[in-house]
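J.: the following comprises the amino acid sequence and a computationally predicted model.
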Amino acid sequence: MRAPSGPQADFYDERQAPESDFEDWPEEIQPGAYPATAPVQSPPLWQTTAAPGVTPVAAVEAYHPAAPAEADARADLPAPMPEKAPAKRRGRRKEPANLPAVRPKKNEVKAAPLRPHKLKFSDRDPSIELEISEIAGHLTFTQSTVTAWYSLPEVRWAFRPDAEREALLSAISEQYAGLAGFRLHLRRTNRPFPADEWARTVDSHTAKPLPDVAGATSWSDHLVAAQRHLLSVNHAEGQTYLGVTFARRSLGDTFSERILRMFGKGTSDGERRKLGRTVEQFDEVLNAFGMRGRRVTPQELEWLLFRSVALCMSPPGPLSPISNGHWERGDLLALTEQVERYRTPYGSTVKLVNRMTGEERHVAVLSVGRMEPLEIPEKHEPWMHFHERLPWPMELSSRIDILGSNSSFKNLEHRLRMIRSQQLDYAEHGIDAPPELERLAKRALVIGDEMTTGLPVESARAHGWHRIAVGGRTREECLERARRLIQLYSRELRISLQHPKNQDQLAREFIPGEPIANTGYVRRMPVKLLAAALPQAASTVGDRRGDLIGRTSGTCRRPVFLDLHFPMEVRERSGLGVLVAEPGGGKSTLMGALGYLNARRGVQVTLLDPSGPLARLCAMPELRPYSRLLNLTGSEQGTLAPYALIPTPVRSEFAAGAGGDREYEIAVSNARAERRMLVQDICSMLVPPQVAKEASTATLLRHAVRQVPAEETSTLDDVIACLQGLDDDGKELANLLLDTAEMPLALLFFGRPPAHLLSADSALTVITMAGLRLPDMKIEREYWSAEESLALPMLHTAHRLAVRRCYGGSMASRKMVGLDEAHFMEGWRSGRSFLVRLARDSRKWNLAAFVASQNPRDILGLDVQNLVSTVFVGRIAEDQEIASEALRLLRVPVHDGYEATLASLSQADTSSSARLGFREFVMRDVDGRVQKVRVDVSYVDGLLDYLDTTPAAAKATPTAIPSLSDLEV
C-alpha cells in the first residue's frame, strides 16, 4: 500500500516554468497592477520529513523531478508519486535521462523575467483654435462643412473701355448666379513684394554690367539701393481667394472620420470621391471668362491661413516644405501657435503678438454699413478695391449667401407683406402712411417683376457681411488709419463703414472655416452689384525683370519695372517707344533716367538731346570712364554727311541660300533709295525756301542724285559737281548750295565723315547741339534766320547719326537710342521713312528706340502708331484736341472723361511755392495695359541733380535784416 501524499507547500514549485515569450504577455493591464503569475506549489509532506539514511531537500532549492535521487532508497519508505515530465521548449537540445541532477548553488537566485506593460495613456488632445479639422489639397474640412478654395487672378480695370468693363461685370454676375444656394468666402490678402527675387532676376538678365569705378556706386550697391527703396515704400501685391462651401457633411461622414482618425487616417475615400464630382462642376463655372478662377495650390492655401490668423502682421518665413497638401488635425497647430491674441469684450482693437519674434500689431475690423446706389463703371470705382488708394496694406473678408430665384422671391414677398401690414396699421389709426412705405412697395413690385420674368442673373440676390481689417504698430496708429479709411469711403463712394464691438470675433471671420461673428450689418444686393465690388482689380503695368522707374498712382500702388528689351526678346514686338508731354512734363528727365539705368546694365546707349542738359550724364562718376559727349556745333567737317548716315546691309545678316540672296539684294536697293531720298531733302533744306518750292528745283535735284552712286562713300560735293554740269538752272542751284557751304555749321554736311566718329567702345554717347537755336515750326520758313534754317537739316541728320551707331555692332547685342525733338521729322519723306525703318529694324537689331515729342500729332502724322510698343503720355492740359490725340496714341477711348485725367497729371499745389518733386505719366506697356504711374528714381544717388533741367536763380547773399529792437528809438 502507498501512503497518501500530503498537501503541497505554497512556496515550492515542482516544475520549472518555461521562459515567457512576447506572445504570453497579457492583452491589457491597468496602471499600478502587477502581472499575474502562477502560484508556487508546495512539495509533499513526506519530502520534507527527515528519515534515516535520507537527506532532506532544502526548502529553498528548486525541485528537479527529472533527475534520480542520490540517497539510497529504503524499502520501508513510501515510493514517490510519479510526475509528468515538464514540457520542454522547442528547439532546445535534449539532455540524457541517466545523468545525475545538477543542483544550483544555495546563494544563486534566478532573476524574474521582465514583462513590458501594455498601457493605455489618457493623453491630452491638442488645443486646436481653428474650426478646420483637416486640409486635403484645396479642400478644407470642418465638423459639418467642406469648402473648396480658388485663386482669382487680377484683372485690368483702369483706362479700359466701358463696354469691356460691362462685359466683364456681366460675366462675373452670371458666375455668382451659378453658385446659388451656397455660401461664399471672398478673401483679399496681400504679399510683400519680393525685392530680393527681383534683384536676382535683374542681375541674371544683365550679362555684362559696367565695371565698378573707385569711389562711385558699384553695381551691387545700385541693386541694394533699389531694394531698400522698394521696402521703404511698402509695396504689396494683392491676392484674391474665393471659397465655396458646397457640401454639408452627413452624420455618417462625420462618424466615419472620427473612427478613421483613431487609426491615423482622415476623411474616407468614398466621401472624397463624392466631393470630387461636385468640385468638377465648380471648376467649370469658375474657370470661365470673368473670374477665371483656378484651384489654389497647397502653398497658397497655407499662405492664406497664415495671413488670416496673423492679420496685418509681417509675413511668415519659409513655408512648410511638404507639398502634398494634406494637413491632419494635429498639424494645424503650426498655423496658430506662433500668434497670441489679446482682446477685451468692448475693445476697439485686437492686439496680436508673435511670441517668436515679439512683433506686435493692433487690428481694427470695420464693417460695411449702409450704401447708396453706385454707378459702376460710369462714375465709381469698384467698391471693394477702393481701399487700396491708401498707402498701407489691408485685408478683406466677405461671407456671402447667394440666393436663387425661389429663395429671393420668397424673401421679397415676406418684406412686401410687412410693408402692406404697416400701411394697414396706419390706415386703421387714421394716420397718413409715410411716403417711404409706398416707394418701397413700388420698388418691391418692380424687383419682383424682374425676378419672375428676367434671367437667373436678374433674380439672384446676395446677402453678405463685408469686413475690412486695418492694422498698425500701435493702437493710436491703427485707429487713425481706420478713421482715414472711413472718411475716404464716406466722401468718395457714399458708403458708411462701421466700427463694431466684439472685435476678436470679427477678426476670426477672416480665418477660413470660422463662423460669422454676428448677423448685423448684412448687405442685401443683386449679384450685379456684388460683381462690381471686384476686389481682384489691379493696376499692374510693366514687367518684372526691368529697372525700377517708379510706382502706379491710380487706385492702388504697385512698383513699375521697365525692361526696354522685353518687347523684342520675349514678346517679339517692335522696340519703338514714344514720350509725349507738354514743356515741363518730364520727357527729358525720364529719357535720361532710362539711358542711365540701361548704361549701368552694359547696354550701348545713344542719346540725342539738342538742348544739351542730358550731357551732364557723362560727368557722373560711375559713367565718366565709359561715356562720350559729341557736340555737333563744334564737330569736324563731314560729321553729318548724308550718304554715310545710312548703313549698307551685310550679307551675314540674312539667311543662306537663294532666298537669303534675294532678301539681301532688296535690302541693298532699299538702302540706296533711302540715301537718295535723304540727300534730296537735305539739299532742299539748305537752299532758300522760295527756290525749294519751285518745280524745277525738285527735278534738278532728282536728276543729279540719280547720277551720283548711292553709296556710303559719296558726298554732297559729288551732287554739286553734277549740278554744275547741267544747264543754267542747275548751275544756279549748285551755286546756292556752295553759298550755304561757306557757313561754319553747313560744313558738317559736306565732305567725308572723320574716321571712328562713333566708336562702339563707349557705353553712353550723348549727341547735343548746344547753343543752336531751334526754329518754330508754326512760323513760315521765309521768316527763319540763317541759323534756324541750318538747324532743321542738322536735326534730321543728327537723328540718323544717333541710329547709325546702333548698326555698327552685333545684331543680338542690346542697344538703346533716345531721340528728342522728333516733331521736326514731320512733313518730310525721309523723316517718315526713318521712323518706319527704325520701328521695323528694332526687333531684328534688338534696338530699343525712344522718340520724344511735345505733340502726339507728330507721331500720329508719321503713321507709325501701329508699330509702337511702349507709350508715355505726360501732362497735356492746354488743348482738349491734343489730349484726345494722346489718348488715341494710348489706344484709350476718347470722350469718356480720360482727357481730364491727362490734364490732372503732375498737378502742383497752387497754395505752395515749392517745386513739384515728381512727374506723372500715363503708361501703356507692350501687353496693352494702361496705368497712371509716378516716375521715381530717387534711389539713384545724385541722378536727379544731374537730370534737373529747371533753371535755378543764383542764391542771394544773406542780408542782415534789422530786428524790431534795432528799429526802436
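T.: Perfect, I can see it now. Numbers count the residues shown, from 1 in each chain.

J.: check contacts around the most centrally placed residue in the chain.
T.: Note on the chain: the residue nearest the mean C-alpha position is residue 237, at 4.9 Å, using CA atoms, centre = their mean. Going by CB atoms under 8 Å, 6 or more residues apart in numbering, residue 237 touches 190, 191, 192, 193, 558. For the C-beta atoms, the positions are set from N, CA and C on the backbone; glycine is no exception.

J.: the helices in the stretch 551-700 of the chain, which residues?
T.: Along the stretch 551-700 of the chain, the segments classed as helices by DSSP state H, counting those that start in this stretch run 566-569, 587-600, 658-686, 689-692, 695-707.

J.: wait, which of the ones you listed is closest to residue 547?
T.: Residue 547 lies closest to helix 587-600 among the helices of the stretch 551-700 of the chain, at 4.1 Å (CB to CB).

J.: with adjacent residues omitted, what lies nearest to residue 623?
T.: residue 764 (5.6 Å; CB to CB, 6 or more residues apart in numbering).

J.: burial measure for that neighbour, as a count.
T.: 26 (other CB atoms under 10 Å).

J.: equivalent analysis for residue 915, please.
T.: With other CB under 10 Å as criterion, residue 915 counts 9.

J.: now residue 777. Nearest residue, chain neighbours left out?
T.: Nearest one to residue 777, counting by CB to CB, 6+ apart, is residue 823 at 6.8 Å.

J.: how about residue 950?
T.: Per CB to CB, 6+ apart, closest to residue 950 is residue 915, 7.0 Å.

J.: what pLDDT does the one you found get?
T.: You'll see residue 915 listed with a pLDDT of 77.

J.: and it, backbone torsions?
T.: Note on residue 915: its backbone torsions stand at phi -70, psi 150 [degrees, to the nearest 10].

J.: follow-up on the earlier one: buried subset of the contacts of residue 237, written for ChimeraX?
T.: Command for ChimeraX that selects the buried part of these, burial taken from 16 or more other CB atoms under 10 Å:
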select :190,193,558
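
J.: could you dump the contacts of residue 237 to JSON lines with secondary structure, distance to residue 358 and pLDDT?
T.: Shown next, in JSON lines, are the contacts of residue 237 (DSSP: H, G, I helix; E, B strand; the rest coil; distance: CB to CB, whole Å; pLDDT from 0 to 100):
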{"residue": "190", "secondary structure": "strand", "distance to residue 358": "22", "pLDDT": "92"}
{"residue": "191", "secondary structure": "strand", "distance to residue 358": "22", "pLDDT": "90"}
{"residue": "192", "secondary structure": "strand", "distance to residue 358": "19", "pLDDT": "89"}
{"residue": "193", "secondary structure": "coil", "distance to residue 358": "24", "pLDDT": "89"}
{"residue": "558", "secondary structure": "coil", "distance to residue 358": "31", "pLDDT": "90"}
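
J.: show me the shaky parts of the stretch 51-200 of the chain.
T.: Applying pLDDT under 70 to the stretch 51-200 of the chain flags the ranges 51-127.

J.: wait, isn't residue 763 in contact with residue 625?
T.: No: the criterion here is CB atoms under 8 Å, and residue 763 misses it with residue 625 at 9.2 Å.

J.: out of these two, which sits in the more crowded spot?
T.: A direct count of neighbours by other CB under 10 Å for residue 763 and residue 625 places residue 763 higher, at 22 against 12.

J.: tell me who's in contact with the more buried one.
T.: 210, 599, 602, 603, 604, 605, 623, 626, 627.

J.: what about the closest residue to the last one other than its chain neighbours, how many residues nearby?
T.: Which is residue 627. By the measure of CB to CB, 6+ apart, the closest residue to residue 627 outside its immediate chain neighbours is residue 618, 3.8 Å from it. By the criterion of other CB under 10 Å, residue 618 has 18 neighbours.

J.: residue 618 touches residue 764, doesn't it?
T.: Yes: using CB under 8 Å, residue 618 is in contact with residue 764, at 6.5 Å.

J.: quickly list what's touching both of these two.
T.: Here residue 618 and residue 764 share the contacting residues 627, 628, scored by CB under 8 Å, 6+ apart.

J.: so where's the stretch 701-850 of the chain uncertain?
T.: 758-760, 826-827.

J.: which parts of it are helices?
T.: Using DSSP H, counting those that start in this stretch, helices in the stretch 701-850 of the chain cover 716-724, 728-741, 786-804, 829-844.

J.: check which helices and strands the third one is in contact with.
T.: What that stands for is helix 786-804. Contacts defined by 3 or more CB pairs under 8 Å, 6 or more residues apart in numbering; DSSP states H and E place helix 786-804 against strand 604-609, helix 658-686, strand 764-768, strand 815-819, helix 829-844.

J.: so which bits of that helix are buried?
T.: Residues of helix 786-804 classed as buried: 788-804 (neighbour count, 16+ other CB under 10 Å).

J.: now do the first one
T.: Applying a neighbour-count criterion of 16+ other CB under 10 Å, one finds 716, 717, 718, 719, 720, 722, 723 buried in helix 716-724.

J.: cool, and stretch 280-299?
T.: 282, 285, 286, 290, 291, 292, 293, 295, 296, 298.

J.: for that stretch, which outside residues touch it?
T.: 137-138, 148-153, 168, 171-172, 174-175, 178-179, 241-242, 244, 246, 304, 319, 323-325, 536.

J.: sketch out the helices for the stretch 401-550 of the chain, chain order is fine.
T.: Going by DSSP H, counting those that start in this stretch, the stretch 401-550 of the chain shows helices at 405-428, 435-453, 456-459, 475-492, 503-508, 527-531.

J.: give me the low-pLDDT residue ranges for the stretch 301-450 of the chain?
T.: If you take pLDDT under 70 as the line, the stretch 301-450 of the chain has these spans: 345, 378, 407-410, 412, 449-450.

J.: at 90 instead, please
T.: Counting by pLDDT under 90, the stretch 301-450 of the chain contains low-confidence ranges at 314-337, 343-347, 356, 372-381, 389, 391, 393, 403-450.

J.: residue 633 and residue 162, how far apart?
T.: 51 Å (CB to CB, to the nearest Å).

J.: give me the more crowded residue out of those two.
T.: Just comparing residue 633 and residue 162: by other CB under 10 Å the higher neighbour count belongs to residue 633, 14 against 11.

J.: wouldn't that one be in contact with residue 787 here?
T.: No: using CB under 8 Å, residue 633 makes no contact with residue 787, being 10.1 Å away.

J.: shared neighbours, these two?
T.: In contact with both residue 633 and residue 787: 745, 772, using CB under 8 Å, 6+ apart.

J.: circling back to that earlier point, tell me which of the helices of the stretch 401-550 of the chain lies nearest to residue 896.
T.: Here helix 475-492 is closest among these (CB to CB), at 19.3 Å.
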